[in-house]
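A.B. asks: Predicted coordinates and the sequence they were generated for:
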Amino acid sequence: MKKIKVLFVSSELTPLAKVGGLGDVAGALPKALIKLGVDVRIAIPRYGVIDAQKYPQKKVAENVIVPFNGANEPVAIFETPLPGSEVPVYLIDHKKYLGENGIYFEKDASSSGSNREAERFTFLARSSVGFFEALDWYPDIVHCQDWHAGMIPVILKVLAKKNKKLGNIKTMLTIHNMEYQGWYQAETIFKALGFSASDYPALKIQKDGHISSLQQAILASDYLNTVSPSYAEEILTPEYGAGLENDLLTRKNELVGILNGIDVERFDPETDESITANFSAKDLSGKAKCKEGLQQICNFKKDKNIPVLGIVSRLADQKGIDLIYEVADKLARENIQFVLLGTGDPKLEKMMAEISHKYPQKMYAKLEFNAKFAQEIYAGSDIFLMPSKFEPCGLGQMIAMRYGTVPIVRATGGLKDTVADYHENDGEGFVLKNYDSAEFFETVKRAINTFQDQKKWYNIVEKDIKKDFSWKSSAKKYIQLYKKLSK
Ligand code: ADP
């Protein structure tokens, strides 16, 4: 049977270029798809920050012309396999638009970025559909990840008028977070693409002259999904729809929620080389060593009876960091230790620095991106905190559970779909319903009280480690959609 050909286009890709969960999904779902017989490939920018030593690349095309900002821009395409798989990754090489700086220009990957950001991701969108002829490979489906690839469905619709091969390509959009939309001056985008409003009359331009790249993708793609069933329902409401709920309602019949998985080979406590000792559900002695190692790094008292509360997160309003700040004094009076790894919003970084300075024996904050320390927290903590205001899917709680760390989450989006409350439903963690600091503190108390009963606690830990977070079943759902689309 003919293989379905799918091109992922993403701004992030773990492990080459990662900021958050988007990179993890782009780096893991294709691995599951290729195993199930999909000819899947990935396109990302060849950012200057990608380590060419670690990820050796070969040039597979050069002088591919991309019309942009009134010039014919030559790009080269480099190829490297996605580590741990045979999925080809195409690195689109263009120094000025894609190679300079890091991944995003804004520190918190915010949606209302600069012109440079508008140009970077419009260039990514335009060049991603420009190299098929050079490689003699046309995908059946371009699978756009988030707003960074959001202009692709529009670009394809315009280019298809003159190029039938491009007209045969279907598009699918995966929404990872409604809050990040890529709002830019319509003029900047039109100028960059060389389009005018009459080329694509469906383009929605706001009264103030801006367009949202995500909104365009929602309206123009052939199918859309988001990353958990609960979030797929929530985003149809004003509370979660970030102003696009009415557009989403018009696409309700082509919108589904498919739960993210995690890369269970990359995140495996039995083989993970970045943690102090390996362990499994059968033998948790390694986890105790990881806890001791973590306590040492944080200059905490080494004591297995004190519950360690961990958090690894982008520091963004969404993540409930303000709840932690609000209860910090009360928390410090408990017999706990708290460790945070995160970077992002300066206001939230300041809050976390403040509490760690105030309570150096109990609270520790590392304000940076650090893949190794992240694993040390997942493995060495007892409890993982994720009291998000909203959470499209959330990977942190799943990675934590895989490492036997019991999550405290707020019942929203993917957190609701992956963690049930231990007391209410004999579930895998502790759940708060409202975004409220008193309820958050009460939930933490429930968890640390349960921790005192080690037998009960290890039942939860064991349940969490054994839970299946692989991509297998969700990858099959994506394939069903690809098949439907490519018919
Ligand atoms: P989001 O996509 O909103 O950032 P997720 O929970 O879906 O949240 O995914 C976050 C991913 O990014 C996880 O793999 C987490 O471990 C990782 N991560 C977040 N912040 C950091 C950090 N400061 N250092 C290392 N890894 C981080």
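C.D. replies: It's in.

A.B. asks: Low-confidence ranges, the stretch 101-250 of the chain, go.
C.D. replies: Along the stretch 101-250 of the chain, segments meeting pLDDT under 70 span 106-113.

A.B. asks: Which parts of the stretch 201-350 of the chain are helices?
C.D. replies: Secondary structure of the stretch 201-350 of the chain (DSSP state H, counting those that start in this stretch): helices at 213-220, 229-234, 245-250, 285-297, 321-332, 346-358.

A.B. asks: mind putting these in JSON lines, mean neighbour count and distance to I189 included?
C.D. replies: No exception for glycine: its C-beta is placed from N, CA and C like everyone else's. Shown next, in JSON lines, are the helices of the stretch 201-350 of the chain (neighbours: other CB atoms under 10 Å; distance: least, CB to CB, whole Å):
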{"stretch": "helix 213-220", "mean neighbour count": "25", "distance to I189": "8"}
{"stretch": "helix 229-234", "mean neighbour count": "21", "distance to I189": "27"}
{"stretch": "helix 245-250", "mean neighbour count": "15", "distance to I189": "18"}
{"stretch": "helix 285-297", "mean neighbour count": "19", "distance to I189": "46"}
{"stretch": "helix 321-332", "mean neighbour count": "19", "distance to I189": "33"}
{"stretch": "helix 346-358", "mean neighbour count": "16", "distance to I189": "29"}
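
A.B. asks: how about TSV for those helices, with distance to L315 added?
C.D. replies: Shown next, in TSV, are the helices of the stretch 201-350 of the chain (distance: least, CB to CB, whole Å):
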stretch	distance to L315
helix 213-220	22
helix 229-234	21
helix 245-250	27
helix 285-297	20
helix 321-332	6
helix 346-358	4
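
A.B. asks: okay, the ones you listed in TSV with distance to the ligand next?
C.D. replies: Formatted as TSV, the helices of the stretch 201-350 of the chain follow (distance: least, CB to the nearest ligand atom, whole Å):
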stretch	distance to the ligand
helix 213-220	15
helix 229-234	11
helix 245-250	19
helix 285-297	14
helix 321-332	12
helix 346-358	11
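
A.B. asks: out of the ones you listed, nearest to E73?
C.D. replies: Proximity to E73 (CB to CB) singles out helix 213-220 among these, at 19.7 Å.

A.B. asks: Quick one: list the elements packing against that closest one.
C.D. replies: Under the contact definition 3 or more CB pairs under 8 Å, 6 or more residues apart in numbering; DSSP states H and E, helix 213-220 sits against helix 152-159, strand 170-175, helix 245-250.

A.B. asks: Can you give the contact residues for the longest one?
C.D. replies: Translated: helix 152-159. With contacts defined as CB atoms under 8 Å, 6 or more residues apart in numbering, helix 152-159 is touched by 9, 125-126, 128-129, 142, 144, 166-167, 169, 171, 173, 193, 195, 199-200, 203, 216-217, 220-222.

A.B. asks: Repeat that for the second one.
C.D. replies: Contacts to strand 170-175, defined as CB under 8 Å, 6+ apart, come from residues 25, 140-146, 149-150, 152-153, 156, 214, 217-218, 220-227, 235, 392, 481-482, 485-486.

A.B. asks: Now do the following helix or strand past it: which elements does it pack against?
C.D. replies: Using DSSP states H and E, the helix or strand that follows strand 170-175 towards the C-terminus is strand 183-185. Under the contact definition 3+ CB pairs under 8 Å, 6+ apart, strand 183-185 sits against helix 115-128, strand 210-212.

A.B. asks: Give me the distance from strand 183-185 to the chain's centre.
C.D. replies: 22 Å (CA atoms, centre = their mean, to the nearest Å).

A.B. asks: what do you get for stretch 21-33?
C.D. replies: 9 Å.

A.B. asks: That one - what's its average pLDDT?
C.D. replies: For stretch 21-33, the mean pLDDT works out to 97.

A.B. asks: coming back round to it: select, out of the helices of the stretch 201-350 of the chain, the one closest to V38.
C.D. replies: Once the helices of the stretch 201-350 of the chain are compared by CB to CB, helix 213-220 is nearest, at 21.5 Å.

A.B. asks: how big is the angle separating the closest one from helix 152-159?
C.D. replies: Computed by axes from the mean of the first three to the mean of the last three CA atoms, to 10 degrees, the angle separating helix 213-220 from helix 152-159 equals 60 degrees.
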